[in-house]
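[1] I would like the atomic coordinates for the input below:
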Amino acid sequence: MTDKIKMGTILIEEGLPLPNFLPIESEPYSNGWRLVKNFAGPGLERKLRNTGWNFFYMAVEIKTSVFGFDVERSLRRAVNQALARLKSEKFNSLEITKVVSKRFLGLRHVTVFSHPRHIQESVFLVHDKRLAKRGQAKLAAV
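    Numbering: from 1, shown residues only. Model (predicted):
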């Protein structure tokens, strides 16, 4: 698994609507999340833009650190913590930008750096459908 999670790895929310003609290969990673196998961050962004979709990049960095004995389990826990923080913000994808693994007093210390990403067809970043409908209603009233 450690070779699957590295710089550029993309995780997307399960059931995320994507363009039908974009062949994204993925596998289950964690509860409700899938690991994209055939694209890294820049490649997926390029393909989505070519289809008219958007792949928003959030500047805020999510940094999660975990101590443990097993590097793979520690890495999975760190990524799951990042995904939990991402879910609370209502973004539908995550890009891993850096993974650092060190030993400290016999324990493995794993730190995962990641950035929230959001895939959608619209060029306006709106992740709450009620807000989008309210905005459309205001535009229609004008």
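
[2] just want the most central residue of this structure.
    Ranked by distance to the mean C-alpha position of the chain (CA atoms, centre = their mean), the top residue is L94 at 1.2 Å.

[3] secondary structure element for that residue?
    Per DSSP states H and E: L94 is located in strand 93-104.

[4] ok, back up a step: who's the residue nearest to the centre of the chain bridged to?
    Counting by DSSP bridges, L94 is bridged to L11, P116.

[5] so R85, which of the three states?
    Applying DSSP: H, G, I helix; E, B strand; the rest coil to R85 yields a three-state assignment of helix.

[6] okay, now it: neighbour count?
    A total of 17 residues lie near R85 under the criterion other CB atoms under 10 Å. C-beta here means a position set from N, CA and C on the backbone, and glycine is covered the same way.

[7] now H118
    For H118, the count of nearby residues is 21 (other CB under 10 Å).

[8] got the phi and psi for it?
    Backbone torsions for H118, taken as degrees, to the nearest 10, come to phi -140, psi 120.

[9] contacting residues for it?
    N54, F55, F56, M58, F91, N92, S93, L125, H127 (CB atoms under 8 Å, 6 or more residues apart in numbering).

[10] and the residues you listed, which two are the farthest apart?
    Using CB to CB, the two most remote members of the contacts of H118 are F55 and H127, lying 13.7 Å apart.

[11] of these two, who's got more company?
    Higher neighbour count among F55 and H127: F55, with 19 against 13, using other CB under 10 Å.

[12] residues in contact with the more buried one?
    F55 neighbours (CB under 8 Å, 6+ apart): L44, E45, L48, R49, S93, R117, H118, I119.
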